[in-house]
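Student: I would like the atomic coordinates for the input below:
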Amino acid sequence: MSERPVYLVAAGGHGSVVLDTLAEMGVAVAGIVDPALRAGDRVFDVPVLGGDAWLDARRGDELVLANGAGAQPYKNLHGTLYERFHRRGFEFISVRHPSAVVGRDAAFAEGSQVLAGCVVQCRARIGRNVVINTRASVDHDCVVGDHAFVGPGATLCGDVRIGAGTFVGAAAVILPGVEVGRGAIVAAGAIVARNVPDGALVMGVAAAQKGRRDL
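Tutor: Here you go, the predicted model:
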C-alpha cells in the first residue's frame, strides 16, 4: 500500500468502481479531483477538492493518483489521463479487488486495475494502466499491452497477446495464441480466431475486420 495519500482523478462511472475497489483494498482515498464535479461535493463520502488547478499546485512526490477515467472504443481517456499526469511526475496506484483470482508468477505494471471477480492466471503479464474489468478472464501466459482496456466478462484464452491501447469489448472471446495488434478494437461479443492487425476493428462470430481507426 502507498504511504503517500491517494487521490482519485475522475469520478464518473468507472471512477466510482475504482473508488469502491480501493475501499475494499483498505485504501483510504483522501480526495477526488474532477473538473466535472463541484468542489465540496462528495462521492461515497470522499470529498471533491476541485479540478485540474488543484493538482497544478501539487508535486508528484507528494501523493499518488488513482485513474478513474474510463475508455470507449474510439476514445481511450484512461490512457490519455495517465500519460498526461505521468509526464508531470505523478505515480498511479495499482488496483486489485480482493475477489480477483491471480495465479502464480503473474506480473502487474504500475497503475494496472484488476476489478471484482476477475481471473488472471499464471505467468500473465499486465502492462501499465491496463484495465481488466469486472469478471473478465485472462488465462495463462497472456500479455496485455500498456493502456489496453479489457471489458466486463471478456475472455482471453491462453497465450493471447493484446497490443498497447487496444479495446476489448464486453463478453468478447479471444482464442488461444491469437495476437491482437496495437490500438485495435474487438467489438462486444466477438469471437476472435485469427490475428488482428494494428488499428483494426473486428466484430462478429467468427470475428471479421469491418474497419479501422486512426492511430
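Student: from here on, contacts and neighbour counts on C-alpha atoms
Tutor: Noted.
Student: Now for the residue nearest the centre of the chain: which residues touch it?
Tutor: A centroid search over the chain (CA atoms, centre = their mean) returns Val131, at 2.0 Å, as the residue closest to the centre. Neighbour list for Val131: Ser112, Gln113, Val114, Leu115, His147, Ala148, Phe149, Val150, Gly151 [criterion: CA atoms under 8 Å, 6 or more residues apart in numbering].
Student: With secondary structure, pLDDT and neighbour count added, can I get those residues in CSV?
Tutor: What follows is these, written out as CSV (DSSP: H, G, I helix; E, B strand; the rest coil; pLDDT from 0 to 100; neighbours: other CA atoms under 10 Å):
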residue, secondary structure, pLDDT, neighbour count
Ser112, coil, 98, 24
Gln113, strand, 98, 26
Val114, strand, 98, 30
Leu115, coil, 98, 25
His147, coil, 98, 28
Ala148, coil, 98, 29
Phe149, strand, 98, 29
Val150, strand, 98, 29
Gly151, coil, 98, 25
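Student: what's the neighbour count on Arg38?
Tutor: If you count neighbours by other CA atoms under 10 Å, Arg38 ends up with 14.
Student: Quick check on Asp56: phi, psi?
Tutor: Backbone geometry at Asp56, expressed as degrees, to the nearest 10, gives phi -60, psi -30.
Student: hmm, I was thinking of Gly60
Tutor: phi -60, psi -30.
Student: Tell me if I'm right that it and Phe92 touch.
Tutor: No. Under the criterion of CA atoms under 8 Å, Gly60 makes no contact with Phe92, lying 10.1 Å away.
Student: higher neighbour count, those two?
Tutor: Neighbour count, other CA under 10 Å: between Gly60 and Phe92, Phe92 has more, with 22 against 16.
Student: Beta-bridge partners for that one, please?
Tutor: Note on Phe92: beta-bridge partners by DSSP bridges are Leu65.
Student: so what's it up against?
Tutor: Counting by CA under 8 Å, 6+ apart, Phe92 has contacts Val64, Leu65, Ala66, Asn67, Tyr82, His86, Glu110, Gly111.
Student: Could you rerun that using 6 Å?
Tutor: Val64, Leu65, Ala66, Gly111 (CA atoms under 6 Å, 6 or more residues apart in numbering).
Student: Farthest from the middle of this protein: give me that residue.
Tutor: Gly40 (27.5 Å).
Student: Please name the nearest non-neighbouring residue to that one.
Tutor: Val48 (5.4 Å; CA to CA, 6 or more residues apart in numbering).
Student: Is the one you found in a helix, a strand, or coil?
Tutor: Under the three-state scheme (DSSP: H, G, I helix; E, B strand; the rest coil), Val48 adopts strand.
Student: isn't it right next to Asp41, touching?
Tutor: Yes. When contacts are counted by CA atoms under 6 Å, Val48 is listed as touching Asp41 (5.4 Å).
Student: backbone phi and psi for Asn195, please?
Tutor: According to degrees, to the nearest 10, Asn195 has phi -60, psi 150.
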